[in-house]
Each structure stands twice: as C-alpha cells, then as structure tokens.
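Q: just to be clear, the model below is a prediction. Sequence and coordinates:
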Amino acid sequence: MKKTKKILFSLLLIFILVEVIFIFPQQIEKLDRETMETADNQKKERVEQKMKGVHLVESQRGARDFELHAEKARGYQQEGDYFLDKVKVQFYNLDANDFTVTGNEGEVDGKTKNIKIKGNVVTKSANGYTFYTDEIFYNFAMRKIISPGKIKMVGPSDDQGDGLKLDGYNMHILVDINEMKIFKDINAFKPMNSNQNLKITSEMATFSGKNKEAHFENNVMLNYGSMLIRGPDCFFIYSGNMKSLERINVKGGVELTDKKRRATSQDLVVDLQKATLRFTGSPKIYQDEDEIAGEEILLLDGGKRLKIQKVKASATQK
C-alpha cells in the first residue's frame, strides 16, 4: 500500500513538472500575443487624425442645427472627439442663421455633439447684438449657448446713436426662441443724441434676437438725465422699423426722484421722442411740502414742467 502511494505521488509530481515546463509557458505566450494584438488594434483605432479647412454640418429634428468651420482639427475617429483651431460656428433656426460664434479654440464631443469654444470668443446675433466672453458651451440637446463668466455686450446702433453697452455675468442664449439672457450684475449705458443718456442696473436682463427689445428686471435703477427711476421691471421699446428706441416702460411699482421732487405710481412710460414721463396707476408727486395725486401725472420737457390730469387731492405735509 505504501509503495502504491509513493508511485502515485511520483506520477503527480512528474505531471506538474510537465505542465510548468511545457504547457504553462505556451499559455502565457498565447495570452501575451492576444494582449499585444488587442493593444495594437486599439492603437490603430485611436490613430490621431489631422485635418485642415474643416467644415461640419449637424442637423436634428429634420432641420439644420449648426454649421462649423475651423482652420485645423485633430481628433480620434473612434470617439469622434475633435479639437479645433480658429473656429466659427453658425447656429440656425429654420435655416436662418440667428447666431454666430467665433473663437481661438474649440472642442466637439462626438457622443453628445456638445461644443466648447474658448479664447477671444465673440457671439453675434443676426439683429446686431455682440457678446464678448472668455468661453462658451453649446448644449446640443437643449439648443442652448452658455457663458458662465463675465460678459460684455454691445447692442445695435439706432437713430439716437451708439447701441447699448452692457457688463454682466452668466449669459444663456436660447437658440430655439431667439432670446439672450444675462443673469447677474447688470450695468448698462445707452448714449442718446439728446444728451439725456441712460444708465441702468438690474439683476437680470433679456434681449430679443427678433425685434431688439430689452427687458431689465429685479431691483432696476434707471438714470435718465438728472432723474433716478426705480422699479421691478423695465422694458426698452423700439419703433416698428427697429431704427429708434422710442420709449421705456417701467412697471410694477415705480419711484422717481430728482433734486426737485419725488413721484410714485404703478407704471411709468418715458417717451424719448417727446421727452415726456407719464405716471399712471395711483400716481402721486411730492414737491416742496406738497403731496399731489391725480389720475395721471405728466412731466414735460424732460422733467422741467409738470402737468396733472384730474387732481384728486392736494395737502400740505407736516
């Protein structure tokens, strides 16, 4: 019995030695070859492509979404990601080029088709608004252009002179509805031929790519000549031909102050052509020690003259 166990044990050792010496190295060699072949194939698939004079058109929902141009591009065909030099992207609505973005460098994500552009980025709307930013991101699925940092905007010029000049932060452009929004620290200036230049601050501003109209909201302060106007919502309204800023509407509770008086109302219309300010909605004016109310209060000649429609009450303050 013992002799039989020794023989079996010896045979087992011989089998293990044969597998270690002959079979196992072959298996390792096979695995090494397969690993190297896989790596070689992946390397071949990830060969970097370089191109000049790049032109790419992307569509969704049956319509052209954007058209991209770049002087140079490099990327990997497997992933579809590309890095661009001197890039220009045109964004479309119903085949109309509504926004154009240019910049020094760009990236295209092959899976999401999102775009990033950075370095001296300039975004222009078809109706004349120009935005200067450090970088922008385009979300392909949402059709939204985003610039989270500081922005400078120059609006289209009009019959009163140069366009609106604005500083702010965090810009979103909604391509589908042709609308531009700035969400933080709005400081704007609009030169006027009448020398009644406009200065405006607010927490948010919205601009239309269709008709030039602008909406300032949340803690709006408007300087018009020597007058300071406060209110929650302020609208810049242009003429039908979009060549002239005709009036400013302030809504939702208005207060005007200058050296001579203070006035309050629900709404105010500043007619820039006629240089009049019309207060409606429980208007009151406080001048010297008098408080006067009426159905409508009108300041003429840029605030130099006062006219009150249907005076309701006049009282001397104590």
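A: Good, I have the coordinates. Residues are numbered from 1 along each chain as shown.
Q: going forward, measure contacts between C-alpha atoms and count neighbours the same way
A: Will do.
Q: what ranges do the strands span in the stretch 1-150 of the chain?
A: With DSSP state E, counting those that start in this stretch as the criterion, the stretch 1-150 of the chain has strands at 48-60, 63-76, 81-93, 96-108, 115-125, 130-139, 144-154.
Q: in CSV: the ones you listed, plus mean neighbour count, distance to Val220 and mean pLDDT.
A: Converted to CSV, the strands of the stretch 1-150 of the chain look like this (neighbours: other C-alpha atoms under 10 Å; distance: least, C-alpha to C-alpha, whole Å; pLDDT from 0 to 100):
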stretch, mean neighbour count, distance to Val220, mean pLDDT
strand 48-60, 12, 39, 81
strand 63-76, 18, 36, 87
strand 81-93, 20, 32, 91
strand 96-108, 20, 28, 93
strand 115-125, 20, 25, 96
strand 130-139, 20, 22, 96
strand 144-154, 19, 18, 96
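Q: check contacts around Gln273.
A: Glu246, Arg247 (C-alpha atoms under 8 Å, 6 or more residues apart in numbering).
Q: hmm, back to that, adding distance to Tyr169, write the strands of the stretch 1-150 of the chain out as TSV.
A: As requested, the strands of the stretch 1-150 of the chain are exported to TSV (distance: least, C-alpha to C-alpha, whole Å):
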stretch	distance to Tyr169
strand 48-60	29
strand 63-76	25
strand 81-93	22
strand 96-108	18
strand 115-125	15
strand 130-139	10
strand 144-154	4
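Q: hang on, isn't Asp65 packed against Val89?
A: No. Judged on C-alpha atoms under 8 Å, Asp65 makes no contact with Val89 at a distance of 10.3 Å.
Q: show me the beta-bridge partners of Phe236.
A: Phe236 forms beta bridges with Ala214, Ile248, as assigned by DSSP bridges.
Q: check contacts around it.
A: Glu213, Ala214, His215, Leu245, Glu246, Arg247, Ile248, Asn249.
Q: and with 7 Å instead?
A: Under the criterion of C-alpha atoms under 7 Å, 6 or more residues apart in numbering, the contact list for Phe236 reads Glu213, Ala214, His215, Leu245, Arg247, Ile248, Asn249.
Q: and of those residues, the nearest to Met153?
A: Nearest to Met153 among those, counting by C-alpha to C-alpha, is Ala214 at 12.6 Å.
Q: the closest one: neighbour count?
A: 18 (other C-alpha atoms under 10 Å).
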